[in-house]
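>>> after the sequence you'll find the predicted model.
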Amino acid sequence: MGLRGPTLTDCGAWVCCRWGPDPTDNTPSAPPSVTRRHGTADQVRWFEAKPCYIYHVVNAWEEGDEIVMDACRVKNPQHQTTFDHPLASFLAYMRLDAQLYRYRFNLVTGQTTEHALDDANIEFPSVDSRIMGRHHRYSYNMSMANEPYLLFDGIVRFDQQTGAKEEHKFGPGRWGSEAPFAARDGSTGETDGYLVSFVNDEAEGRGEINVFDASDVAAGPLARVLLPVRVPSGFHATWVRADQLQSRA
Ligand SMILES: [Fe+2]
């Protein structure tokens, strides 16, 4: 999958040392493209879609004649902060206001269909990596705090099959990092495992590892590992088993 959009300077963004869309540009869409994994440039297929900004994709898979893609879509990206804070001008755009969103690209008709799956402000999505590239049922997403800059105040699990949503909030002054799925030994399904996140407690000045049951996120952490040092709030994360690490050594 690919996305192509106008990358033009805007004076307001320039003043803020950032890039943004040109408000005079009437380009009707940010066309996505589909190509085979080992395809060549002449095999790229372009589709039309509504203008937007996408920071992270959840997953994509084949379904009949269609390629389906779930992503965190920002429908109204802003380069100007609405917060009065020294860091806000650098990171306001990362508050994102992103929605979980689904695209369907029909390879036969060339048509795109698209719609929001939910309206919560979520980002930094993950799924059980064993199912990446195939239709997932569950995605695990970080809830974006209503703060001057990028902070995660909770985890949201979406069930695509039922539309159900489960959430855990870390609590006041506690900010997480992306929470990748770690399969349980002998795991047999997408929720048969754990979510692992670093949580930074501002009041205590302490870092923690929080471990959640992926089948019951709302129950809160199964375990909290209090760390001897503070771990600053981070964004991306992944889970790698010890034997996988050793095999790369
Ligand atoms: Fe990223």
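Sure, I can see it.
>>> so Met142 sits right up against Leu100, yeah?
No. Counting by C-beta atoms under 8 Å, Met142 sits too far from Leu100 to count as a contact (11.8 Å). Where C-beta positions appear, they are placed from N, C-alpha and C, glycine not excepted.
>>> looking at the strand of greatest length in the chain now, give me its mean pLDDT.
Counting by DSSP state E, the longest strand found in the chain is strand 53-63. Regarding strand 53-63, the rounded mean pLDDT is 93.
>>> counting by contacts, list what it packs against.
strand 66-74, strand 98-106, strand 122-126, strand 138-144 (3 or more C-beta pairs under 8 Å, 6 or more residues apart in numbering; DSSP states H and E).
>>> kindly recompute the last result at 10 Å.
Helices and strands touching strand 53-63, by 3 or more C-beta pairs under 10 Å, 6 or more residues apart in numbering; DSSP states H and E, are strand 2-3, strand 66-74, strand 98-106, strand 122-126, strand 138-144.
>>> remind me which residues of this protein are low pLDDT?
For the chain, the stretches with pLDDT under 70 are 1-30, 78-83, 86-94.
>>> quick one on the thing from earlier: between Met142 and Leu100, which contacts overlap?
Common contacts of Met142 and Leu100 (C-beta atoms under 10 Å, 6 or more residues apart in numbering): 72, 121-123, 125, 156.
>>> dump those into TSV; add neighbour count as well.
Output for the shared contacts of Met142 and Leu100, formatted as TSV (neighbours: other C-beta atoms under 10 Å):
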residue	neighbour count
Cys72	25
Asn121	20
Ile122	27
Glu123	23
Pro125	22
Val156	23
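>>> the longest strand of the chain pairs with which strands?
strand 66-74 (antiparallel) (DSSP bridges).
>>> quick one: the strand it pairs with to strand 122-126, angle?
140 degrees (axes from the mean of the first three to the mean of the last three C-alpha atoms, to 10 degrees).
>>> got the CA coordinates for strand 66-74 in CSV?
In CSV, the C-alpha atoms belonging to strand 66-74 read as follows (Å, rounded to 0.1, in the frame of the first residue of the first chain):
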residue,chain,number,x,y,z
GLU,A,66,-10.7,-6.1,-2.6
ILE,A,67,-7.7,-5.0,-0.6
VAL,A,68,-8.9,-3.8,2.8
MET,A,69,-6.8,-1.4,4.9
ASP,A,70,-7.5,-0.2,8.4
ALA,A,71,-5.7,3.0,9.5
CYS,A,72,-5.7,5.8,12.0
ARG,A,73,-7.0,8.6,9.8
VAL,A,74,-6.7,12.3,10.6
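>>> buried ones in that strand?
Within strand 66-74, the residues that count as buried by 16 or more other C-beta atoms under 10 Å are 66-74.
>>> tell me which of those residues is nearest to Pro221?
Cys72 (23.9 Å; C-beta to C-beta).
>>> doesn't Ser143 make contact with the closest one?
No. Using C-beta atoms under 10 Å, Cys72 is not in contact with Ser143, being 11.7 Å away.
>>> any shared contact partners between those two?
121-124.
>>> can you list the buried residues in stretch 156-168?
156-158, 160, 165-166, 168.
>>> tell me how far it is from the chain's mean position?
15 Å (C-alpha atoms, centre = their mean, to the nearest Å).
>>> before we move on, the earlier item: now the helices and strands packed on strand 53-63 as JSON lines including distance to Arg241?
JSON lines is the format used below for these (distance: least, C-beta to C-beta, whole Å):
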{"stretch": "strand 2-3", "distance to Arg241": "31"}
{"stretch": "strand 66-74", "distance to Arg241": "26"}
{"stretch": "strand 98-106", "distance to Arg241": "28"}
{"stretch": "strand 122-126", "distance to Arg241": "16"}
{"stretch": "strand 138-144", "distance to Arg241": "18"}
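>>> how about these, which one is nearest Val240?
That would be strand 122-126 among the helices and strands packed on strand 53-63, by C-beta to C-beta, at 13.5 Å.
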